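Undergrad: sequence plus the predicted model coming up.
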Amino acid sequence: MKKTTSLTIICVFLFSLLAPLHAQQPQPSPAPSQPLQQPPPAPQDDEEEVVRITTNLVQMDVVVVDKKGNQVTDLRAEDFEVYEDKRPQKITNFSYVLNETTPRPATTTTAAGPAAPARGGADKLATPEPPRRLRPEQVRRTMALVVDDLGLSFESTAIARNALRKFVNEQMQPNDLVAIIRTSAGVGALQQFTSDKRQLNAVIDRVKWYMSGRGGISAFAPIEGGAPAAALAGGGADENRMRGTLGDPGEALEDFREEIFAVGTLGALNFVVRGMRELPGRKSVILLSEGFSLFTVDRGRGSSDRVLQAVRRLTDLANRASVVVYSIDTRGLVYTGLTAADNVGELSNERIDEMVRARSDRLFDTQSGLNYLSQQTGGFLVRNNNDIAKAIAKVGEDQKGYYLIGYRPESTTYDRRYHTYAVKVKRPGLKVRTRAGFYGIRDEETRPVRRTREQQLMAALTSPFASSAVRLRLTTIFSNNAQEGSFMRSLVHIDANDLKFTREPDGKYQATLDVVGLTFGDNGRVVDSRVQSGKLSMNEETYRKVEREGLIYSLNVPIKKAGAYQLRMAVRDAATEQTGSASQFIEVPDLKKNRLVLSGLVLNGIRSEGPRKAGKASAAATSAQEGGDNQPAEGALNEQETLASPAVRRFGQSSSLAFGYAIYNARLDKTTNLPQLTTQTRIFRDGQPVFTGKEQPVDVTQYPDLKRINTGARLQLGSGLTPGEYVLQVVVTDMLAKPKDKHRNATQWTDFEIVK
């Protein structure tokens, strides 16, 4: 078979994914007619770690507030006193780090030239703009909002879900990286930190009451004066504990069960904190929970401190990872007295008093666990507050700035014992909040050493963040056709410069790779897994091309159920034991709801500036329509033939960018039986729109299946687009839908890079 050209491979993938484009291409969006103004660079962040425990330095972060809770930012080093194990220390490092940023007004470049900044309030029906792709130095706050659904009651779950949605839609800042994590959902819940509000809202929709957890219908189950079975109605281990004072044989089992769930919550937090260790910005975990007890009754041996030990391990890890833990009691202001739901007719007054006191004790114990965890890491507990959204905003306000204070430790500090430190401020009327202490172990000694192949791959797969020792670029596209239904197709681009090739006696170059792919559903369970290991062997010519342009691994995953999915890929180079990972979140819509939806965007490029190469593109499209056999085989590693491909999305200045997508569920005009659709193209840089094309009608006259309209367009990139990361957004409007219909518009976006 004749060797496939780079252009043919690209176009085959483009058209085989979405079905053939019609012969008459839609009018391309106009290219920028003048050099585009790029947004000014974001301010650089402080590159120094927040918390450091090394041979030469112990450094901590400190927040100072006044009596009203407002931060004080004008203090100097001489205003502080630092103590380690009650011994005064000399301050050697001091600075104040400000996290606040001022958003820039959005300026749009259209075909007619620059437009004025947008005015007025936000339009709830407006098409959302793509999220800003943050560079590490641009991140100001990294926030993990952890929903402890292992311990939330039914009532608190709904309250937490509404508060999270308000935070994402109204309080989240442009320089925030946010993840929303459920303690019950396992590894798959650790979706990548993102600034994409659409992605976060999809996760929030799946925050539901966990029936098997330790939380009941409400914060406290009703008091029942009848049989034990009646008392169990409404759930909750708290009432079982109350009835245990009467000798209920289920008491020990309920205590143990609750302890296991509490340790499970802390284990999930431990996992999150480990993943946040390498992230930039002011890092915090916001735990939405109904609390846990630090001590539980261990029958025959008195009190059990398993939960307390788990908290201590977690706080030391959080302190070393520079993570502050804030806790929010989702029960709000709780009334522990008798209510209309309580049935106390058969109980004595003494028994009623005992059970009411047990409720109060239960509330105090569970809040004490949350309070201890927060205080030990420099955070605070928000309790007795029914406005959970306001509580989250209070935490965000606390993240706006902090002092970094360091001192030189004595050699006796590193004795592997726990050391406390305290910070005092000399100015009266101020309150200092910082971490409680640390174990006398240097940071470099606490970093895990993963030696085996399995350990290295598992670490890459289970981390909520990408690893770049082997640089990967993951592209996952949702699509649908009548034969296969909904599916995801993924391409992983591997930078071959991060791999070690050896030259064999026969002149060929070889490398050995391990490739693992896992697809998680919204419940955290694996719905698809792929594992492949083997040697790559290639001649001199192919090796040089791979060295320049990389390798591609393809993966196809059928989707039986609509919902949120996450694909995680890990690649390990056996020779160097270096591992790279990447993950992508994708929302698969339910097409049966007949809402306007777009497939993912597939990008490719043409290295041309004239009509001759454009003609080649049309020829390649025709070849794809005829069913060419040049599509990369699933699971195969293929050398990449051009920089401007769907897997890499890297384009030269003044090159031509082609993109394709499918439109599903467009409404049909009752008279013509045809849809009326328009499409618009936008380009963003650093969250700011730099180009907006004119709205173009979509030509649908040649499509037999109007439920699946395959279309696309081409953009001539202008030389005014300076090298860097960009986002391409496509907005399709159904003109037959009512103006106030929130499903009138559908949008998709993807990132790409412009190089010289």
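TA: Thanks, I have the structure now. Numbering: from 1, shown residues only.
Undergrad: and this structure, what are its domain boundaries?
TA: What automatic domain parsing lists as the domains of the chain is 6-40+451-755, 55-100+401-441, 140-219+251-398.
Undergrad: worst average pLDDT in these?
TA: Note on the domains of the chain: lowest mean pLDDT is at domain 6-40+451-755, with a mean of 76.
Undergrad: isn't Gly429 up against Lys67?
TA: Yes. Using CB atoms under 8 Å, Gly429 makes contact with Lys67 at a distance of 5.8 Å. In short, each C-beta sits where N, CA and C put it, glycine included.
Undergrad: and the helices in this protein?
TA: Assigned by DSSP state H, the chain shows helices spanning 6-18, 154-166, 197-204, 228-231, 237-244, 251-276, 306-320, 349-376, 388-398, 443-446, 453-462, 540-549, 611-625.
Undergrad: give me the distance between Ala737 and Phe501.
TA: Distance, Ala737 to Phe501, using CB to CB, to the nearest Å: 55 Å.
Undergrad: next: Arg427.
TA: Arg427 is 62 Å from Phe501, by CB to CB.
Undergrad: can you check Ser284 too?
TA: To Phe501, Ser284 is 43 Å away according to CB to CB.
Undergrad: tell me what the residue nearest to Pro697 when sequence neighbours are not counted is bridged to.
TA: Leaving aside its sequence neighbours, Pro697 sits nearest to Thr678 (CB to CB, 6 or more residues apart in numbering; 5.6 Å). Beta bridges link Thr678 to Pro697, Thr733, judged by DSSP bridges.
Undergrad: show me the contacts for Thr678.
TA: When contacts are counted by CB atoms under 8 Å, 6 or more residues apart in numbering, Thr678 touches 695-698, 732-733, 735.
Undergrad: can you put the residues you listed in TSV and add neighbour count and distance to Ala713?
TA: Shown next, in TSV, are the contacts of Thr678 (neighbours: other CB atoms under 10 Å; distance: CB to CB, whole Å):
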residue	neighbour count	distance to Ala713
Glu695	14	12
Gln696	18	8
Pro697	12	12
Val698	18	10
Val732	24	12
Thr733	19	15
Met735	15	18
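Undergrad: out of the residues you listed, flag the one nearest to Ala575.
TA: Proximity of the contacts of Thr678 to Ala575 (CB to CB) peaks at Val732, which lies at 47.1 Å.
Undergrad: list the contacts for that closest one?
TA: Val732 sits next to 596, 598, 663, 677-680, 698, 745-747 when contact means CB under 8 Å, 6+ apart.
Undergrad: top of those by neighbour count?
TA: The residue in these with the most neighbours, by other CB atoms under 10 Å, is Ile663 (25 neighbours).
Undergrad: ok so, going back, ok, Arg427 and Phe501, which is more surrounded?
TA: For Arg427 versus Phe501, the count of surrounding residues by other CB under 10 Å is larger for Phe501: 19 against 12.
Undergrad: ok, the more buried one touching Lys508?
TA: No. If you go by CB under 8 Å, Phe501 and Lys508 don't touch, sitting 9.5 Å apart.
Undergrad: coming back round to it: the domains of the chain: which one's closest to Arg132?
TA: Here domain 6-40+451-755 is closest among the domains of the chain (CB to CB), at 3.0 Å.
Undergrad: where exactly do the strands run in the stretch 601-750 of the chain?
TA: With DSSP state E, counting those that start in this stretch as the definition, the stretch 601-750 of the chain shows strands at residue ranges 602-606, 637-639, 650-652, 656-664, 677-685, 688-692, 696-697, 708-716, 724-734, 745-755.
Undergrad: deepest of the ones you listed, which one?
TA: strand 602-606 (a mean of 26; mean count of other CB atoms under 10 Å).
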